[in-house]
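# next one to model:
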Amino acid sequence: MSVDPRAVVDPAARLADDVQVGPFSIIGPGVEIGAGTIIGPHVVIQGPTTIGADNHIFQFASIGEIPQDKKFHGEDSRLEIGDRNTIREFVTINRGTEDGGGVTRIGHDNWLMAYIHIAHDCLIGNHTIFANGASLAGHVLVEDHAILGGFTLVHQFCQIGAHAFCGMGSAISKDVPPYVMVGGNPAQPHGLNLEGLKRRGFDKESIQNLRRAYKLIYRSGLTLNEAIQQIRDTLEMDTHLEHLVAFLEHAERGIIR
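Below is the predicted model of the structure:
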């Protein structure tokens, strides 16, 4: 373990043998950090927080602090961060609350750029990208491979679907379906995230199916329930369409449309 002598690490924290901790960082009790993780200078990590292997947390980040929620009264809650995440300067990630299940969770291989805020009880999947200044209110779900452009703002309890793309400055107050691009204030749909799907290896048939589904949802004049039924009745259902339909059926806030 390489801990700068100017850092403060609580004796109750558990760090793997090869964790690096930079000068003036503070690691509190109830923090567990996995192998290969690098903590830069001036980072504050409070527990209960579990951080996996091979993460890199840059200077001035605040990780695992109590939630910004007036209903929080010191009840047990935690933050869980997976492996191979990049967490840049001035990122803030809060622990969960009792009302939200008690946990904020970040998956694996995510890239959180500078000044990101992830509020209490958010659930972030894998391989996401959050550009500078994007902010999530409480209880937000972000699925795998979603991208949030700079200064994107997401209202509490919203869901961002897998492979969705939110353009710079998007103001999101409803759910963003998987595979869809949105942008603006308020955010509006702008077609499928075709470039992202191609980069991630979606074949032509899958993309064509998603194009047809998009037209039924956004350009047919059907209600959302009618569009879902038409997708099931007229398209060859594959894994991607099944995920899209399941997301739509559970979109409690409604979708951006």
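# residue ranges of the helices in this structure, please?
With DSSP state H, the ranges of helices along the chain come out as 194-199, 204-218, 224-234, 239-249.
# let's have these in CSV, adding distance to residue 66 and mean neighbour count.
Glycine gets a C-beta too; all of them are placed from N, C-alpha and C. What follows is these, written out as CSV (distance: least, CB to CB, whole Å; neighbours: other CB atoms under 10 Å):
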stretch, distance to residue 66, mean neighbour count
helix 194-199, 35, 14
helix 204-218, 40, 17
helix 224-234, 38, 15
helix 239-249, 31, 17
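# rebuild those as a markdown table, extending it with mean pLDDT.
Listed next are these as a markdown table, based on pLDDT from 0 to 100:
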| stretch | mean pLDDT |
| --- | --- |
| helix 194-199 | 96 |
| helix 204-218 | 96 |
| helix 224-234 | 96 |
| helix 239-249 | 97 |
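# which residues does residue 43 contact?
22, 25-26, 57-63 (CB atoms under 8 Å, 6 or more residues apart in numbering).
# on that earlier part again, turn the helices of the chain into JSON lines, including distance to residue 171.
Below are the helices of the chain laid out as JSON lines (distance: least, CB to CB, whole Å):
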{"stretch": "helix 194-199", "distance to residue 171": "21"}
{"stretch": "helix 204-218", "distance to residue 171": "19"}
{"stretch": "helix 224-234", "distance to residue 171": "21"}
{"stretch": "helix 239-249", "distance to residue 171": "21"}
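# tell me how this protein divides into domains.
2-139, 197-249 (automatic domain parsing).
# and those domains, which is most packed in?
domain 2-139 (a mean of 19; mean count of other CB atoms under 10 Å).
# so which of the helices of the chain is nearest residue 102?
Closest to residue 102 of these is helix 239-249 (CB to CB; 24.4 Å).
# show me what the closest one is packed against.
In terms of contacts (3 or more CB pairs under 8 Å, 6 or more residues apart in numbering; DSSP states H and E), helix 239-249 is packed against helix 204-218, helix 224-234.
# using PDB, write down the CA coordinates of the first one.
If I follow you right, that is helix 204-218. The C-alpha trace of helix 204-218 is given here as PDB (Å, rounded to 0.1, in the frame of the first residue of the first chain):
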ATOM      1  CA  LYS A 204     -28.100  -4.300 -39.600                       C
ATOM      2  CA  GLU A 205     -31.200  -6.400 -38.800                       C
ATOM      3  CA  SER A 206     -31.200  -5.300 -35.100                       C
ATOM      4  CA  ILE A 207     -30.900  -1.700 -36.100                       C
ATOM      5  CA  GLN A 208     -33.600  -2.000 -38.700                       C
ATOM      6  CA  ASN A 209     -35.900  -3.500 -36.100                       C
ATOM      7  CA  LEU A 210     -35.200  -0.700 -33.800                       C
ATOM      8  CA  ARG A 211     -35.900   1.900 -36.500                       C
ATOM      9  CA  ARG A 212     -39.300   0.300 -37.100                       C
ATOM     10  CA  ALA A 213     -40.000   0.400 -33.400                       C
ATOM     11  CA  TYR A 214     -39.000   4.000 -33.200                       C
ATOM     12  CA  LYS A 215     -41.400   4.900 -36.000                       C
ATOM     13  CA  LEU A 216     -44.300   3.200 -34.200                       C
ATOM     14  CA  ILE A 217     -43.500   5.000 -30.900                       C
ATOM     15  CA  TYR A 218     -42.800   8.400 -32.300                       C
END
